[in-house]
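K.L.:
take this sequence and fold it.
(one chain, ligands or ions: 1)
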Amino acid sequence: MEGLVSMKSSASSHPAAIGSLPRRPTFSIRRSQVTLPRVKRFSAAAASIRAQQFVQPDTMDASSAAREEPEIVLKAKEWEVGMLQNELAESQGIRIRRQPPTGPPLHYVGPFEFRIQNEGNTPRNILEEIVWHKDNEVHQLKQWKPIYTLKKAMEDALPTRDFVGALREANRRTGLPGLIAEVKKASPSRGVLRENFDPVEVAQSYEKGGAACLSVLTDAKYFQGSFENLEAIRKAGVKCPLLCKEFIVDAWQIYYARTKGADAILLIAAILPDLDIKYMIKICKVLGLAALVEVHDEREMDRVIGIEGVELIGINNRNLETFEVDISNTKKLLEGERGKLIREKGIIVVGESGLFTPEHIAYVQEAGVGAVLVGESLVKQSDPGQAISGLFGRDISS
Ligand SMILES: O=P(O)(O)OC[C@@H](O)[C@@H](O)c1c[nH]c2ccccc12
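P.N.:
Residues are numbered from 1 along each chain as shown. Okay, the predicted model is just below:
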């Protein structure tokens, strides 16, 4: 019943499998111990396993691994860095792990696909699932378009527009929070929001209805969005500055967003350690992009307030781990010292998610937001731009 299959003999001898090789090696590191990619298949009776096959790595120390397969040791180091990243993030209260701690959920070994379903490498919630998927997706995209090709594309990209300035101006003009209207076809929590979705039509309608800026979902798997949508909206001549709504886990995505016409990007504090946020904000400054840094609890807010150069903080009323929506979250995070510090620093706060009525808008404005980010309540209406008047209680188009 048991059979040993080495990674070398399986993966490299089956060309068809090479394209689908995982980003991470099919083994894990626990401190000084290297787990080699030797694979045993056990009986399907193993209780905790939903898969057809169970992959049980054998162990050996790092030096003997080096003698056997230097490339494997290099990959092991790469994996170790990923592990350290998880530990660093955890020390900042980040529960979302950047990669599966014991290897990717799908292991491709030769022509076989091994799916392991154990506690360690099964995502704990939807946000973690999205992040793991994104990490692999970005790895593939980076191979297809290495960073130097993006730098070239950036030289030809259209100039960026002032996202923060547009929000301030709308706020000044209307006396209401500036609107970032979201071009969103679907979401994991709500399913499809708009059938016959035409992103350019929705964007133009929002602009006509008085939106200051637009947010365009680019994640394909969970939100049915795309970078093509972002690019098409930009090229159609929509003047509202555009936020690329993406799960950013790698700086490469920022450059890519810039080549596709973004004026701003989203950084989610629940998945990015402080150092990543700092570094990515610096990249944004160099590229002329605004960064909307999203938080959803006190700890994330305190981390982000302390980061130099933050101009826009989004408070998400939806917990991305549980999907629960509670608009009092915006109020809670702006009370007392935190609100005072934010005002002193001149940071614009964006109230995000779950806003449906003029009362909701008034409530978050009272709490201290200078802008709101709204998707569902607008995009579900037959005329999304017209729906803006309903949301704000009056016409804000002129
Ligand atoms: O559709 P709503 O409830 O109005 O929410 C919009 C926006 O806040 C939400 O889409 C969002 C906020 N932060 C995110 C991060 C990723 C994906 C989506 C989001």
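
K.L.:
any residues of the stretch 51-200 of the chain in contact with the ligand? List them.
P.N.:
Counting by Cβ under 6 Å from any ligand atom, the stretch 51-200 of the chain comes close to the ligand at 182, 184. In short, each C-beta sits where N, CA and C put it, glycine included.

K.L.:
can you name the residue of the stretch 51-200 of the chain nearest to the ligand?
P.N.:
For the stretch 51-200 of the chain and the ligand, the shortest gap (Cβ to the nearest ligand atom) falls at Glu182, measuring 5.0 Å.

K.L.:
what's the neighbour count on Leu242?
P.N.:
By other Cβ atoms under 10 Å, the residues close to Leu242 number 27.

K.L.:
what's it sitting at in phi/psi?
P.N.:
As for Leu242, its main-chain torsions (degrees, to the nearest 10) stand at phi -110, psi 130.

K.L.:
quick one: it and Val216 touch, right?
P.N.:
Yes: applying Cβ atoms under 8 Å as the test, Leu242 and Val216 come out as touching, 5.7 Å apart.

K.L.:
need the residues touching each of the two.
P.N.:
Here Leu242 and Val216 have 230, 233 as joint contacts, going by Cβ atoms under 8 Å, 6 or more residues apart in numbering.

K.L.:
and the residue of the stretch 201-350 of the chain closest to the ligand?
P.N.:
With Cβ to the nearest ligand atom as the measure, Asn316 is the residue of the stretch 201-350 of the chain nearest to the ligand, at 4.8 Å.

K.L.:
ditto for the stretch 251-398 of the chain
P.N.:
For the stretch 251-398 of the chain, Cβ to the nearest ligand atom, closest residue to the ligand: Gly375, 2.9 Å.

K.L.:
and the gap between that residue and Ile283?
P.N.:
According to Cβ to Cβ, to the nearest Å, Gly375 stands 26 Å off from Ile283.

K.L.:
so between these two, which is more surrounded?
P.N.:
Neighbour totals were compared for Gly375 and Ile283, and Gly375 leads with 25 against 15 (other Cβ under 10 Å).

K.L.:
roughly how far apart are the more buried one and Leu292?
P.N.:
With distances taken as Cβ to Cβ, Gly375 is found 14 Å from Leu292.

K.L.:
repeat that for Tyr255.
P.N.:
17 Å.

K.L.:
go on, Asp156?
P.N.:
To Leu292, Asp156 is 25 Å away according to Cβ to Cβ.

K.L.:
more neighbours, the two?
P.N.:
Neighbours were counted for Asp156 and for Leu292 using other Cβ under 10 Å; Leu292 has more, 29 against 7.

K.L.:
adjacent strands (with direction) for whichever strand or helix holds that one?
P.N.:
Using DSSP states H and E, Leu292 falls within strand 290-295. Its sheet considered, strand 290-295 pairs with strand 264-268 (parallel), strand 312-316 (parallel) by DSSP bridges.

K.L.:
how far is it from where the chain is centred?
P.N.:
On the basis of Cα atoms, centre = their mean, to the nearest Å, strand 290-295 sits 11 Å off its chain's mean C-alpha point.

K.L.:
just the CA trace of stretch 247-256, in PDB.
P.N.:
Coordinates of each C-alpha in stretch 247-256 appear next as PDB, following Å, rounded to 0.1, in the frame of the first residue of the first chain:
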ATOM      1  CA  PHE A 247      -5.500  42.000  -2.200                       C
ATOM      2  CA  ILE A 248      -2.000  43.200  -2.300                       C
ATOM      3  CA  VAL A 249       0.600  40.800  -0.900                       C
ATOM      4  CA  ASP A 250       3.500  41.800  -3.100                       C
ATOM      5  CA  ALA A 251       4.900  45.100  -4.400                       C
ATOM      6  CA  TRP A 252       4.800  43.700  -7.900                       C
ATOM      7  CA  GLN A 253       1.000  44.200  -7.800                       C
ATOM      8  CA  ILE A 254       1.400  47.900  -7.200                       C
ATOM      9  CA  TYR A 255       3.500  48.400 -10.300                       C
ATOM     10  CA  TYR A 256       1.000  46.300 -12.300                       C
END
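
K.L.:
pLDDT on that stretch, on average?
P.N.:
For stretch 247-256, mean pLDDT is 97.

K.L.:
just the strands in the stretch 51-200 of the chain please.
P.N.:
Taking DSSP state E, counting those that start in this stretch, the strands of the stretch 51-200 of the chain run over residues 58-61, 106-109, 112-115, 178-183, 186-187, 191-192.

K.L.:
same question but for the stretch 201-350 of the chain, I mixed them up
P.N.:
Counting by DSSP E, counting those that start in this stretch, the strands of the stretch 201-350 of the chain are 213-217, 242-245, 264-268, 290-295, 312-316, 348-352.

K.L.:
for the last one, which helices and strands make contact with it?
P.N.:
If you count contacts as 3 or more Cβ pairs under 8 Å, 6 or more residues apart in numbering; DSSP states H and E, strand 348-352 packs onto helix 163-174, strand 312-316, helix 328-334, strand 371-374.

K.L.:
quick one: is it near the ligand?
P.N.:
Yes: using Cβ under 6 Å from any ligand atom, strand 348-352 reaches the ligand at Glu352.

K.L.:
what of stretch 323-336?
P.N.:
No: Stretch 323-336 is not in contact with the ligand by Cβ under 6 Å from any ligand atom; minimum separation 6.7 Å.

K.L.:
any low-confidence regions in the stretch 51-200 of the chain?
P.N.:
Within the stretch 51-200 of the chain, the ranges that satisfy pLDDT under 70 run 51-83, 102-120.

K.L.:
please name the residues that touch Ala251.
P.N.:
When contacts are counted by Cβ under 8 Å, 6+ apart, Ala251 touches 279-280, 283.

K.L.:
what's the closest of those residues to Met301?
P.N.:
Closest approach to Met301 among the contacts of Ala251 (Cβ to Cβ): Met280, at 17.9 Å.

K.L.:
and for Lys239, the neighbour number?
P.N.:
The local packing of Lys239 (other Cβ under 10 Å) involves 8 other residues.

K.L.:
cool, and Asp263?
P.N.:
Burial of Asp263 is recorded as 25 neighbouring residues (other Cβ under 10 Å).

K.L.:
alright, I will stop here.
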